[in-house]
Every structure is written in C-alpha cells, then in structure tokens.
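In: no sequence on hand, only this structure:
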C-alpha cells in the first residue's frame, strides 16, 4: 500500500466513524497535538471528533537525508475522539485491519508509554502500540492540556505514517518508500531533508532566532490581552511560532541548560494562559470554546 | 461459605504494575470485607494485562452484631421513690425501648460497685449479596497505582468521580454464581451520567484468538469455570501458567502477553561483532527481546509474542527489520565514536552541563580527580592504584560526549569502559570507569559484586566514592538536600552507594576510608555547605544496616559508639552490629536489664565531666564489686563478640549497685566518685555500642 493510500484509507475509516477530516495546520509544529484542532478542542465539555495529517518538524532529528529512519519532518496521522468511546481500542485495531494487517497474524501490543509535553502544559496516560516490535502508534488518553484538567477525556491516536508504511511495504529505508505508484519518498523529500537539516544545524542565524523567540512570545501575550477578547486563536499561532524558533535554536546547539528550562517555561506560560482564556473568558463575553460550533 | 468472584476487565495495564496491583487487590478486599464481617478466607488472585481477578470464600450472610450502648448511672436513673427519671426515659427513648427493657451493668471496671443503664444494640446481619456492591466500590477506590488516570467515570458511593489505572471495560461479579449488581457510571460535567460498565457473568478472551471467533462474551459461573473458559479462549489467567509456557524467570515478558508464544530471529553477522552490551541494550531494553548466544556470540534473538505462533515467519521478518534498524544506528555510533580516543575528548565535557550552578562535567571531573588525590594523600591508595584511579576519575564521564551514550543513556559508564578497552587502555582504568555509577542497589552481594577484578577494586572504589561524594557535597551546597519523598537528584541513592563502596568493595587489606573526612574534602570544593551532610550520611548508613536485617535499636546502639565512630569507619560499624546482634540474641535478658540500667546511668550522669575513680572512697560493697568487674573487663584485645559476652556479665553487679548504693550521696566526694564509676562502666561499651539505645522486647 502506498503512503498516499494509507492516508486515504485512514481518512475514510475515521470519517466513517464520525470524524471531521481536517487539514494540516499551516504553521510549523512539532506534533499533531499542537494543531489547535487538538490542543484547544480537547479543552471544555463539547464533544469533538477530528482526524488530519500533520507534517511535524523536529529540527534536532534532522539527519541531512542520510539516515534511513530519522527525519527532520515526518508526517503524523492524528485522530481525536472526545469523549473517548468505550470500544476505542477495538475501533483502533479495526483501522489496522483496513490497512491489511491481520492482528491475529502479528504481535500487537499495548505497552505503557505516557506522553507529556512540558511546553504545552499537557500530559496523558497511554501506550505505544507495537506491531511485531515496531512502534506504529502513540495512543493517549489526555489528562491535562494547557495546565487544565480535562473532562471529558479525549483519546488521541497518532499514527507515524512513515514508520507504518515502511512496515506495510517491508522497506528498511524511508527514502525507498513508495509515496505513489510511480514516485518514491526520497524523490519527494530527500533534498528537502538535506536542506532543512543543514539550515537548522549550520545556517540558522542564532541571534535572529533569539530575537524572534522573544518577539513571538511578546506578540502572543499582546494579542492575548487585547481588550474585548476574541484573540485567543490568533495568540496561539505566536506560541507555535515561538516553539519552532526554540526548536531551531536547540538543534543549532545555541541553548544552555538553564536557558532551555527558561524558554520551555516561557512557552508553557503562554500556552497555559491561552488555554485558560479559551475556556474561561472575561465574564461579559461568551467563551471562544462555547462560541465555536 | 460462598465463593465471591470479581474480575475487573481493563484496557492494557502496565506490565510493571500488575503483580503489585493483584497483591493490593487481595489485601484491600480482605481488609474491607473483614470490616464488613464477611469473614473472607481462601483468597486467590490472578491477572493478565487485561484483567485483575480475585476469588474469595465469604459467609453468605453477615453475623448479627451486638454493641453496648451505655446510659446514665443507676443513681441518676431513678429518683428517691424508685421511679425512672427524665434522664433514664430520654436514654430509653433514644434507643427505641421502654426503660424496663434496659439492662444494667458495670461500665467502669475500676468502679465495680457502680451500675449504669445498658442498652445492647443488636444489628441483624445483612445478606452478603447486599453488602458486596459497597465492598467492591471501596476496594476499587482503595487500589493505588503509580499513576492514576481520569477516564470520565463515576461511582454512586457518594464520592463521585472515579479514577483508575486504566479504563475498566467489563466486570464479572458473582456470589456463588449469582451476579452481584455493581455499576460504574459515566461522569458528565461533574455529575453522574449513564451506566458505563454494569457487572455481569460475561468475561472476554484473547483479542484476536481463536482466529475468526475472537472477542465475544463468555459466560462463567465460578473461578474454576473462569479459568477454564479463558484457557479455551487463549488467555492463561494464572501467571504461573504463563511463565511455564514461556520459561522460568521472565516476569516482565509474562505480563506483556495473555498467550505467550516464543519465536526466534537472526541477527545478521555484520552486527554480531558489536559490543555485547550494545546488542543486549538494543534487544532487551528497547525491544524486549532476549539475546541468544551461539558459540560465544549474540547470534539470534527470541521474542515472546502474544499470538498462537502460526504466522511466526511474517512476524519475525518485521522484528528483524526493527532490530536491524536499531543495530545499524548502534554500529554507526560505535564506528563514529571510535574515531577519537576518550582521552582526547576530556575537554568536550565543557559542553556538557552537570548542573547549572555546579558547572560542567569537565569541572566535575577535576573535582573527582582532586578527591582521588586526597585519598592518595591520606595513604588510602598506594601509588599504582592512585595513578589508575586518577586516570579513571578524569575519564569517567567522557562517554557522555559519545553518540552511543546520547542515544542509549543506560550505557553510560559501561560504554566508557568498552571504548577504553578497545583503545588498549589499562584494564584497571577501564573497569573503574565502567562500574563507577555502581553500586545502585543496597543489598549485600548485588551489582557490581563479583563483577570487578580484585586488582581493580581500589580504583573502582575511589572513583565511585569521589563521584558520589562530589555530587552530594555539590547539591548540599545549593541547599538541595532531599526532603520527604522528594529527592529529584537521587541523593539518597548516591549516599547509599558511597556507603556500600566502603562496606562491601574497598579492599580489606589496606587502611579504610573515613566517610567523614572524605565528605569534608568534597565539601571543601564548594563555597558553602548548607545542611548537614554528615547527619545525612549517618541516616543513610542506618538505613543500609537496617535493610540488611539488623534490628533498628541495635543499629542505633552501634551508631552511638565511638573510637572510631560509625562515619569514620562504616565497616567497623557493620562488624560491631553483627557482633551485637549475635551476642544479644544469646543473652537477651541480660542486655535488656543492662539497657535499662544504662539509660538510668546516662540520665544521672547528664553532661557531668568524667573524673577518675578513687577506690579509697568506696563506702559500700556493691561499689567495690562493680569496680572490680569493670576493671577486669578493661581488656579490649578480644573480638567484639567475646567482649560483649563478657560485658553481659555486668548485669548483676550493676543491678546490685543501683539497688543498694545511693549515687547522689550527701557527701560531694562520695557522689563524684560514684558518678565516675558509672561513667567508667558506660565507657566500656562506648567502643562497641551505646547499650542504652537498646529497646525491650522486640
């Protein structure tokens, strides 16, 4: 099955189970969780079901297109089910069957692996799903996002698309994956991997990124505090931009241990303030969470 | 008796929790059912990743309960004419009976002549079936997990929201085959919602087996029936049955699967030359596979799968791909790292922070070298050992700069040793670097016992001690001593490791290190010490000794000894406590009497300065007798056990002395002399144990 067929199959499977099929967020993020359709929608009481592909940038994981297993940018297929249905594990396993994996013929495990994101003030309880020893999915019951205890609890299912498809195609080099019938993953992305790795390890202007980080944070706070509210979604984009600037600096080796903790805390504070404003705005206004359909 | 069966069906519970959770289930259920007078016996537990099961025999009905309710004294209950007073009538009314129906009895056994009104309250026992729902709720609430999760669940036990280790998906609750009603509800906006899980008589088998027929509910009647039905549905409920199917001694593998089948795969020859530790880390820690050694090489791996094994070839193909990808990383790291020697990388440690305020690992390495040199200056190390230990201290942390350790952090230390050996460095230095994070656990005989060649023991001990004491001194200088359950820097473990080095590893042949002196040397490397490192080390020494099975009072007694005191020579403390433990168990009564007498002596003496005893001033026979015995025991040449046995003989003369001699005599000279005699008696023990710390019956 091609990479794009995997995406089509998962989109159809989850759409049939009531998920809205969204699109990738159009800002640099490190994981599908940072997409506002996850981070903000899991807050508050309203039910929500969504699925989307999210290209995820992790500058420090870049390997110049040379490592067959590691990527600067990989693609996640993200599913959020709020509240989580009682048969969620079976529904998830059903998606593997759709991909042609017969669970009775493979070793499928749910092994403890709890997820946490200090920058987002978020954590959850869950498993990594192993298919014959290969981690193909992260399965998380969110407990907190933006420092807020969640109720109801959302289930987050994150498929690593490259890993999963490598498994299905039985290739041991990501660049040899068939993206479509006539195009390999390497033809689409290998040069991009090289250039983006080189940029974040060698070329990125450290002082510029430090300045950008400070300015992104300041703009996030300024936007969040605009009188009259209705600026939470706009403010959140600046938190994401700050997070990416931080990741670039980190990959560039430009952050000391103490700076690192301080920068994570800065993003965390902004993300938590945004989450708080999202669920509980000033008294006179309707909360953004309630105002959204 | 009736059998109560409870199966809590869950999504996969972490393997490392399961056995403990099952033990808790047995303990908590027994406590709660006992409190509810259900007389639980014959408790059996079993588990798989997807279920916790308990079967217990209980009474079918609670026993009737009687409780005494005391009313006013009879003097107040009747007036002069013998009529019931208001107080008596009120008490009777409160208990719903006429005053005539009340009994009388003795409320206070110390005043047997006084009678009070007494109402014997009878509570009829309820049917166990009615009591059990609340017992189930209380038991589920009482289970503790390393991490609890909110899963939108609610119990109608008055406490509301219900968190658990993982979501519960079914419950089998049967009393002698009849369903015990129990419901878990959904939590909806902080209130009780619709039923989520309702107890029944249906369990569930393996997720995927038998092929094509998996997943449906299976009705069960009893614990035996549950085991049989599950076995037919590819779930071995009994953990021992799973171990038997895998192999003895693999509990973690056991608790990752419900139906274990072992498959094996090959490690391509190109990777077999990787260091064994690297191969094992990849296989065991990261993939949970077992390395299989064929003629001295790790050539294959075995995996425990949760399948019936019929598609083994396809699974192994996938597993091999993962293993090869991991090993390819490992080989790349190994080859890259080998391009530079560790010695040439020492200055790279400037880029690795130990702690923001305690500097880099480069600085830590220098401090460790200085501590090792202090050991040399104190003649604790001979010239050869000193040279090796100095090199090892400088190189110990260098592997933190290697790609391998950055990827597989659990190989720190070990990797340094591997690279040093591959470079042809001194095997003693390599061994010391390799093991210097050890010892980690406190049991006698645990790692690295037996793993270090005797000629490398001194260098290992010196580097391990220097590392741990520097860490302790550093964090204490920042005021970061552990508090309560908070010990983010693992300082308790560091202190225990340092203590174990001295107790178990420092070569017995030469002089032994003083922890007090070395801690002082470590502290001198920092601007200011905050908190009492010596007190902390003493407390940890106490913990280690108590953990080795010595009663706490014996350990305290030995920690109170002097010349040398315990921190100056922890191994001597171990020798002393062994002797005290042996002799005291022979002569328990003697030591108990002596402990009481010595407490008294200590109280009398207070902080009075010791003076010399003058035999000419003795006025009474018991004084002379005690003095004669004490003088006869002054010889300290024998072993501790022999000396303690002799000292047990002090019991009679000491008792006689306290019975017949008035220590606080009017005559100041007599009094001073008697105090001096007591002080001399106490001092006999102080070089072994402070005997006054011993308790009574233990």
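Out: All right, it came through fine. Nothing here was measured: the structure is a model prediction, and the numbers come from that model. Numbers count the residues shown, from 1 in each chain, chains lettered A, B, ... in the order given.
In: what sits against residue A:74?
Out: A:55-56, A:58, A:160-162 (Cβ atoms under 8 Å, 6 or more residues apart in numbering or on different chains). Backbone N, C-alpha and C define where each C-beta goes, glycine included.
In: am I right that it is in a strand?
Out: Yes - judged by DSSP: H, G, I helix; E, B strand; the rest coil, residue A:74 forms part of a strand.
In: who does it bridge with?
Out: According to DSSP bridges, the residues that bridge with residue A:74 are residue A:56.
In: for it, give me the pLDDT.
Out: Confidence at residue A:74, expressed as pLDDT, is 97.
In: what's the burial count for the residue lying closest to residue B:105 once chain neighbours are set aside?
Out: Nearest in space to residue B:105, with sequence neighbours left out and distances taken as Cβ to Cβ, 6 or more residues apart in numbering or on different chains, is residue B:118 at 4.4 Å. Neighbourhood size, residue B:118 [other Cβ atoms under 10 Å in any protein chain shown]: 16.
In: my read: residue B:118 touches residue B:103, true?
Out: Yes - assessed by Cβ atoms under 8 Å, residue B:118 is found in contact with residue B:103 at 4.6 Å.
In: measure stretch B:176-185 end to end?
Out: This stretch, stretch B:176-185, spans 25 Å end to end (Cα to Cα, to the nearest Å).
In: shouldn't residue B:628 be within a strand?
Out: No - according to three-state DSSP, residue B:628 belongs to no strand; its state is helix.
In: sorry, back to before: kindly reformat the contacts of residue A:74 as TSV containing neighbour count.
Out: Formatted as TSV, the contacts of residue A:74 follow (neighbours: other Cβ atoms under 10 Å in any protein chain shown):
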residue	neighbour count
A:55	15
A:56	24
A:58	18
A:160	20
A:161	22
A:162	21
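In: now the residues you listed in CSV, with pLDDT?
Out: Putting the contacts of residue A:74 into CSV (pLDDT from 0 to 100) gives the following:
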residue, pLDDT
A:55, 98
A:56, 97
A:58, 94
A:160, 96
A:161, 97
A:162, 96
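In: so which of the residues you listed comes closest to residue A:264?
Out: Nearest to residue A:264 among the contacts of residue A:74: residue A:58, at 15.1 Å, using Cβ to Cβ.
In: which residues are in contact with the residue lying closest to that closest one once chain neighbours are set aside?
Out: Closest residue to residue A:58 apart from its sequence neighbours, by Cβ to Cβ, 6+ apart: residue A:30 at 5.6 Å. Residue A:30 sits next to A:56-58, A:243-244, A:247 when contact means Cβ under 8 Å, 6+ apart.
In: just the strands in the stretch 101-250 of chain A please.
Out: A:108-112, A:115-117, A:122-131, A:134-145, A:148-149, A:155-160, A:178-180, A:183-184 (DSSP state E, counting those that start in this stretch).
In: which one of the ones you listed lies closest to residue B:158?
Out: Nearest to residue B:158, of these and by Cβ to Cβ, is strand A:148-149 at 21.3 Å.
In: what about that closest one, near chain B?
Out: Yes - using Cβ under 8 Å from any Cβ of the partner chain, strand A:148-149 reaches chain B at residue A:149.
In: in its sheet, what does that strand sit against?
Out: When DSSP bridges is applied, strand A:148-149 pairs with strand A:134-145 (antiparallel).
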